[in-house]
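Chemist: Whatever this is, show me its structure:
(one chain, ligands or ions: 2)
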Amino acid sequence: MKTTILGYPRIGNQRQLKKACENYWSGKTEITTLIETGKNIRQENWLLQQKTGIDLIPSNDFSFYDQVLDACLTFGCIPKRFESIKKGDFSTLYFAMARGIQTEQLDTTAMEMTKWFDTNYHFIVPEFTIDQTFEFFSKKIIEEYKEALELGIKTKPVLIGPVTFLLLGKEKEKGFHRLDLLNRLLPVYFQIIDELIALGVEYIQFDEPILALDLSDRERKAINNTYESFHAAFPSLKIFLANYFDCYGENLETVLQLPVDTLHLDLVRCSSQLDDILTSKYFNPNTKLSLGLVDGRNIWKNNFENSLRFIKKAVEKIAPKNLFIASSCSLLHSPYDLELETNEKNLPLEVKQWLAFAKQKLEEIATLKGLSSSEEEAYLNLFEENKLANLNRKTSTLIHNKKVKSRVENLLESDSQRKNSFKIRQELQRNTLQLPLYPTTTIGSFPQTKEVRSWRSKFKKGILSQKEYDTLIAKETEDSIRFQEETGIDVLVHGEFERNDMVEYFGEKLEGFAFSSFGWVQSYGSRCVKPPILFGDVSRENPMTVKWSSFAQSLTKTPVKGMLTGPVTILQWSFVRNDQPRATTCNQIALAIRDEVVDLEKNGIQIIQIDEPAIREGLPLRKEEWKSYLDWAVKAFRISASGVNDATQIHTHMCYSEFNDIIENIAAMDADVITIETSRSEMELLEAFVNFKYPNEIGPGVYDIHSPRVPSVEEIEHLLEKAAKVLPVEHIWVNPDCGLKTRNWPETKSALQNLVKAAIKQRVKTLQTA
Ligand code: GLN
Ligand code: ZN
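Modeler: Ligands and ions are numbered 1, 2, ... in the order given. Here you go, the predicted model:
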C-alpha cells in the first residue's frame, strides 16, 4: 500500500506567500524575494511530506495566485487584451491577468473569478475565443518537477485535466462551444507529458472534478477520448485520475472503462462509491484505487476505525500494492498546522484534541497505512488514542446540550410560518412604517475605516478598555445616523462598526463555536479566511445585537433596521461539525437567531434584516440533491424569521451568486423585503422576474459597492426604470448592492446622496403618471 495526497496548502504556515505577494505588488520588494518565498514554501512542503511518510508527493500544486490561472499560462491561453505584455516580464503578465493592470502602456481589467465547485476558494475563469490557439507557454510544471528532483523527491505532477479546464472556462464570443477546442488543446498536453516523461516522470495526476457534476453524453465522450488518447500515445504513463467533492455518479461507467492506472475516490463526500465500484461489472481489478479517506475540506480528526473498515473492504478485492491511502481532495482547503494553536481561551484543549489540520492529516494518512500493514505497537497506540478522542467527542458536555437538541426535535410546522400571509403583513407594515414609494435603505455596514479597525485591535490587546471602546463605537454610530438622516434615507442602519466579520461576530457570541488563531485558508490570490469552528450544539445565552441596535434607534425617530446574519450563512462560512446532519446544525443556529429577532422586536426594532448571502453556495453539486438542501435551508431561514408579529418587517439580503435558477426558493423564504445585488450585471437578475412574479418587496442593488466609482443620479434612475418594467412599483426598494464596509466615506456619501435623489425623482415621476 502507498500513501499520497492531491495537493498541499501553499500560502505558508505564517501566510508568508500572502505577505510576499502583497509586498511585491505594492513595490516594497523585488520579484526575486517573491520567487524565493515560493521556493521555500515548496521545499518545506515537500520535505514535510517526505518526512511524514507520504510516498507519492504532488508537485505543481503550488501557485502564486491560483492553479487555474497557472493552467491558462501553461496552455498559452492568454486573453487578447494582454497580448502587448505577453512577451515581456512573466510576473507582470501573470498578475495582470489575475488582478488587472493600470499603467501608461496598458489599462485593462482582470480575468473573472468564481467559486471552485462548492468551496469558498475562487479560481480565475479561463477565457476562450473562436480562433483560440494553445501553446506550451509557461514551463512551471517542468521546473517544479526538476526542483523537487534536486531534493531527491520524485513527484507526481498535478495538472488540471483538459475537459475540466475547458468546461470551467467561458466562451467570449458566439459561434462555438468551448469543447470544440479540445482537439486544439490536446497537443499541448501531449507535449507536456512528453517532456515530463523524458525527465523520468512516472505518475501524472489529472484533476477532473467536473466528474462530480451531471455531465452530458458529449462531455463524457470528451473524457473518454482524452484519456484513451493519452494512453495510446504514452502507454507507460501512469495516469492518476482525480475526481473529488462528490461521487462519480452517472459518470462511473465511463470512468471505470478508462485506461487509467489509478482512480481516486473522495470517500468523505461519497462513501457509497467504493461498494459501487467493487461490485461493478466494469471494474478491472488491475486498476489501482486511491482511497480518499482523510477529509481535505474540514478540520476533524479522522476516525481510524471507520477508515480501516474501508481499507479492509478494498483489500478483499484488490492487492494492497494497488491501493493508495489519500486525502479526499487537495489539502488546499485545510488550515496548516494545529500545533500552532496555543490560545486555549479561543480553542479549548478539549476541542483541540478532536481536530487535525493539514500537517496532522499527513500524519493520519501515514498512520492509516501503518495500521493496515503492520502490528507495531506505536501504531496501535495511535489507534487507541484516536479511538479515545472520537469516543469522548461523542459524549462531551462541551458539545452536547440536551435543551438545544430537544428544542430542535420539538420544532413544529408553525414555527417556520409567520402568523399571516404576506398581503396581510404588508398592509400592517405600511400602516405602522409609513414609508414612501421607492423607499431607500442600505445593506448594513458603513466604511470600516483604519481608525475603526485600530480601535478593535487595541481593545482586543487590552490597550482600550471596554468602556473606552464602546464610547468610540457609539460616537461613530451616532455620526452615521446623523449622516443618514441628513441625506434623507428612509430606513436607517446602525453601521456595524462593532463587527469584525459577519459570521465571526455571531460565532463569538454563540455557544458551540471555537476559534483558531492561525487557521487560515486561501480564498483567492493572497486573500485568506479563518472560518470559525462550529463544534457543538449552538445556543444563544444572551442578546447579541440588541445593545447597538437599540442605541442607534434611540437617536432617531426614523426606523433603524436590526442586522443579523442568517443560519445558512453562519453554517456555510464555518468549519461545521460532521457528527450530525448539516440540517440539524442549521436548525440550531436558526433557533438562536430567532431568539435574537424576538428580542430586537421587544426592544422596539420594527425592521429586522437577516442576511443570507451564502444560501446559493450550499447547493449540492448534483441537481438531484438540490431539493432536499433547499427545503431545509429555506425552512431554517423561516424558523429564524417567524417569531415576530406581522407588523414587524423582515428583510433578507443576498449577493454575488447566480440566483435566477433558485428564485422560487428565494420567494419561499417569505421575507417581506429582499435586497439583492444586481448592478454589476445591469440587472440581469431581473430576467428571472419576467416569467416568475416575485410576490414580496424587493430592492435590486443600484450601486456597485466593489467599485470606487460614484454612480450618477441618471445612472441610478435608469436602473430603477429598468426594474419598474418587471416589478410592481409599490414593491421596489432603492439600495446599494451590498454592505459598504470596504468603501471610504467621501465616496459613500456622494453615492448615497445620488441614490436618494434618484429615488425621489422616480417617486415624483410615478405619482405624476398615476
Ligand atoms: N450586512 C452585511 C454588510 O452590510 C452584509 C454583508 C454581505 O452580504 N456579505 O456588511
Ligand atoms: Zn451582500
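Chemist: helix or strand right after the helix or strand hosting Leu571?
Modeler: Leu571 belongs to helix 567-572 when assigned by DSSP states H and E. The element immediately downstream of helix 567-572 (helix or strand, assigned by DSSP H and E) is strand 575-576.
Chemist: Let me know the next secondary structure element after that next one.
Modeler: Following strand 575-576 toward the C-terminus (DSSP H and E): helix 582-602.
Chemist: near ligand 1, anything from that following helix?
Modeler: No: shown here: helix 582-602 not in contact with ligand 1 (CB under 6 Å from any ligand atom), separated by at least 13.6 Å. Glycine gets a C-beta too; all of them are placed from N, C-alpha and C.
Chemist: Equivalent analysis for stretch 488-502, please.
Modeler: Yes: applying CB under 6 Å from any ligand atom, one finds stretch 488-502 touching ligand 1 at Glu496, Met502.
Chemist: Could you look up the SS state of Leu289?
Modeler: Secondary structure assignment for Leu289 (DSSP: H, G, I helix; E, B strand; the rest coil): strand.
Chemist: looking at the sheet around Val521, what are its partners?
Modeler: Counting by DSSP bridges, Val521 is bridged to Val529.
Chemist: Pick out the residue closest to the middle of this structure.
Modeler: Asn120 (1.6 Å; CA atoms, centre = their mean).
Chemist: My read is that that one contacts Cys528, right?
Modeler: No: in this structure, Asn120 is not within contact of Cys528 by CB atoms under 8 Å, at 10.4 Å.
Chemist: Now do the shared contacts for these two.
Modeler: Common neighbours of Asn120 and Cys528, counting by CB atoms under 8 Å, 6 or more residues apart in numbering, are Val521.
Chemist: In this protein, which residue sits closest to ligand 1?
Modeler: Gly739 (2.1 Å; CB to the nearest ligand atom).
Chemist: Which residue is the nearest non-sequential neighbour of that residue?
Modeler: In space, and not counting its chain neighbours, Gly739 is closest to Ser445: 3.6 Å by CB to CB, 6 or more residues apart in numbering.
Chemist: ditto for Ile608
Modeler: Gly562 (4.1 Å).
Chemist: From the chain's centroid, how far away is the helix or strand encompassing the one you found?
Modeler: If you go by DSSP H and E, Gly562 is part of strand 561-565. In terms of CA atoms, centre = their mean, to the nearest Å, the centre of strand 561-565 is set 22 Å apart from its chain centre.
Chemist: Then stretch 578-586?
Modeler: Mean-position distance between stretch 578-586 and its chain equals 18 Å (CA atoms, centre = their mean).
Chemist: got the end-to-end distance for that stretch?
Modeler: End-to-end span of stretch 578-586 (CA to CA, to the nearest Å): 12 Å.
Chemist: in it, what counts as buried?
Modeler: By neighbour count with 16 or more other CB atoms under 10 Å, stretch 578-586 contains the buried residues Asp579, Arg582, Ala583, Thr584, Thr585, Cys586.
Chemist: what does the chain put close to ligand 1?
Modeler: Neighbours of ligand 1 within the chain, by CB under 6 Å from any ligand atom: 443-445, 496, 502, 563, 611, 613, 653, 655, 738-739, 741.
Chemist: which of those residues has the weakest pLDDT?
Modeler: Ranked by pLDDT, those bottom out at Cys655 (89).
Chemist: And the biggest helix by length in the chain, what does it pack against?
Modeler: Looking across the chain with DSSP state H, the single longest helix is helix 745-769. Secondary-structure packing of helix 745-769 (3 or more CB pairs under 8 Å, 6 or more residues apart in numbering; DSSP states H and E): helix 466-487, helix 713-726.
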